[in-house]
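> only geometry, no sequence info:
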Ligand code: FPP
């Protein structure tokens, strides 16, 4: 039976979003790309609020990929400054709303000022428990897997782990997302139907939701629509329909 009203008892535990289309949003309006990122930041705020209202416990946002370093320096500098100002403006709200802030990715390439500020926000929100908001920054899924292989092979070499005991839980425990559950729902905006090197291991059994909406236009009613689509699916994890019922 198709449902068209949100079921509060079937909310994804972990929502991940590829926020795409800021540049196109701006171009359509004859604005600079930067304006699209500013508007995109408003969508981030709106979706974080939705997660709190809906009881989603984990939200992971693809904010900057390893490939995004190839963008013009002026745009990269703008995105870094926008990130810094957003964190500075929102740190109080994160605490007020009981939000724990985390990052995944290779932060070493980020400006020192940002690295320091990210550390501060993580430290000051680490005891919060309503929502874990994770920003993927300078993140690449294949790089994450390479790092896992390196960490585990070091442990095998030093006799901390035996290679015959390597299983899914060992891999999970060495991912950047070791403290997060698997992704239940992955959303990508802007009409592209690609994963673009995001959370490759963690989305093995995720439901995928693609929408033509550009990220700056993606707000509360759109997340509701995505959740209704999610709730209308039968997640079988390889089993048969009868086994699930
Ligand atoms: C994708 O649109 C967006 C990004 C690469 C950056 C994401 C940044 C934001 C949503 C703004 C602020 C966020 C935080 C966390 C402060 P695009 O530039 O690839 O758009 P296009 O594909 O239309 O060119």
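Cool, the structure landed. No experiment lies behind these values; they were computed from the predicted model shown. Numbering: from 1, shown residues only.

> who are the packing partners of the helix or strand encompassing residue 146?
Using DSSP states H and E, residue 146 maps to helix 141-157. Where contact means 3 or more CB pairs under 8 Å, 6 or more residues apart in numbering; DSSP states H and E, helix 141-157 is packed against helix 168-174. C-beta: built from backbone N, CA, C; applies to glycine.

> pLDDT on the following helix or strand past the helix it packs on, on average?
Downstream of helix 168-174, the first helix or strand assigned by DSSP H and E is strand 185-188. Per-region confidence: strand 185-188 scores 98 on mean pLDDT.

> contacting residues for residue 186?
Contacts for residue 186 (CB atoms under 8 Å, 6 or more residues apart in numbering) come out as 15, 16, 17, 18, 195, 198, 199, 203, 206, 207, 208, 209.

> ok, now which ones touch the nearest residue to the fourth one once chain neighbours are set aside?
What it means is residue 18. Spatial nearest neighbour of residue 18, excluding adjacent residues (CB to CB, 6 or more residues apart in numbering): residue 188 at 4.1 Å. If you count contacts by CB under 8 Å, 6+ apart, residue 188 has them with 17, 18, 20, 194, 208, 209, 210, 211.

> same deal with residue 214?
Residue 214 sits next to 20, 21, 22, 24, 25, 28, 36, 189, 190 when contact means CB under 8 Å, 6+ apart.

> weed out the non-buried ones from the residues you listed.
Neighbour-count burial (16 or more other CB atoms under 10 Å) applied to the contacts of residue 214 gives 20, 21, 22, 24, 25, 36, 189, 190.

> with secondary structure added, can I get the residues you listed in CSV?
Formatted as CSV, those follow (DSSP: H, G, I helix; E, B strand; the rest coil):
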residue, secondary structure
20, coil
21, coil
22, helix
24, helix
25, helix
36, helix
189, coil
190, coil
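
> could you look up the SS state of residue 10?
From three-state DSSP, the assignment for residue 10 is coil.

> tell me if I'm right that it and residue 233 touch.
No: if you go by CB atoms under 8 Å, residue 10 and residue 233 don't touch, sitting 10.2 Å apart.

> picking that back up, list just the nearest of the contacts of residue 214 to residue 148.
Set against residue 148, the nearest of those by CB to CB is residue 20 (26.0 Å).

> quick check: phi and psi on the closest residue to residue 106 other than its chain neighbours?
Once flanking residues are discounted, residue 106 sits nearest to residue 138: 4.9 Å by CB to CB, 6+ apart. Dihedral pair for residue 138: phi 50, psi 40, per degrees, to the nearest 10.
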